[in-house]
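**Q** From the sequence below, what's the structure:
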Amino acid sequence: MSQADRSAKHTEIAGATADRIEVRGRDLVGDLVGRLSFTEMFLFHLLGRRATPLQVAVTDAVLVSIMEHGLVPSAIAARLTLLGAPESFQGAVAAGLLGVGDHFAGTASRCAELLDRIVAVPPSERKALALTLVQSFRRDRKALPGFGHPTHRSGDPRVPRLIEIARANGAQGHYIEALSLLESAIAEVLGRTLPTNVSAAIAMALREAEIPTEAMRGVVLTARCAGLAGHLLEEMRDPSAEEMWQAVERAVPYKPQT
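**A** Numbers count the residues shown, from 1 in each chain. The predicted structure follows:
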């Protein structure tokens, strides 16, 4: 291949001819369909190589742990969108996905950036850096990504489970330790504990599995897309969006200016 060919714009993900679909250099039908699970295919597509057992186990656990959490804003948005546009299932899913952000389910990548910084320094310096990071967030009056939860105030039950799965599948433990250092630093700076939420656990687990920080929100969105599909099927069969709309009108009544 010439230098010009190598530098030309291209994709290494997939292409198709009249009788073949190829993904990452492998035949979709002959090599992948029926041979890889969805999680394995997701990672193969994402990383461009076959995933390790640790990567598969951790990603699978993360997808299950974040897929569902009840009538959170993303699920409510999806159901209300379906009420207004019942012909647009995809529009309702999209509406729900747009609500995945820094307040709900989307902080794993930001927490992973902090964990990356801690792991990047020598072990003897990690405790001090964790303390410095927490102090910086408090000084700037910013919420520390991955900590605090409106429901699980005494601890998110998904956190220890993801740690357990990561350890059981061969994680080295550097990011588990970094998360623990952040927890200790929070307690020292605030004078009280702050619950670690699932976003921090996702950040820890995926980085233990060497999943890129930049891809974490994509993992979360993939899981939530599956969860929203379940909410929308239930909404079509047993509608509740009308009651949600009425509840909002009761809770937030019109009050004219005086």
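**Q** Confidence-wise, which helix or strand of this protein is lowest on average?
**A** helix 3-7 (a mean of 63; mean pLDDT, DSSP states H and E).
**Q** immediately after that helix, which helix or strand?
**A** Downstream of helix 3-7, the next assigned helix or strand under DSSP states H and E is strand 14-17.
**Q** In its sheet, which strands sit next to that following strand, and in what direction?
**A** strand 20-23 (antiparallel) (DSSP bridges).
**Q** Pull out the buried positions in the strand it pairs with.
**A** Neighbour counts over strand 20-23 (16 or more other C-beta atoms under 10 Å) mark Glu22, Val23 as buried. Using the backbone N, CA and C atoms, a C-beta is placed for each residue, glycine as well.
**Q** Can you name the residues that contact Ile21?
**A** Ile21 is in contact with Ala14, Gly15, Asp27, Leu28, Val29, counting by C-beta atoms under 8 Å, 6 or more residues apart in numbering.
**Q** roughly how far apart are it and Glu40?
**A** 17 Å (C-beta to C-beta, to the nearest Å).
**Q** what do you get for Ser180?
**A** Counting by C-beta to C-beta, the gap from Ser180 to Glu40 is 30 Å.
**Q** for Ala201, same thing?
**A** Separation of Ala201 from Glu40 (C-beta to C-beta) stands at 22 Å.
**Q** out of the two, which sits in the busier spot?
**A** The neighbour comparison of Ala201 against Glu40 (other C-beta atoms under 10 Å) goes to Ala201, with 28 against 17.
**Q** Go ahead and confirm that one touches Arg158.
**A** Yes - Ala201 lies in contact with Arg158 (C-beta atoms under 8 Å); the separation is 6.1 Å.
**Q** which residues are in contact with both of those two?
**A** Between them, Ala201 and Arg158 share these contacting residues under C-beta under 8 Å, 6+ apart: Ser65.
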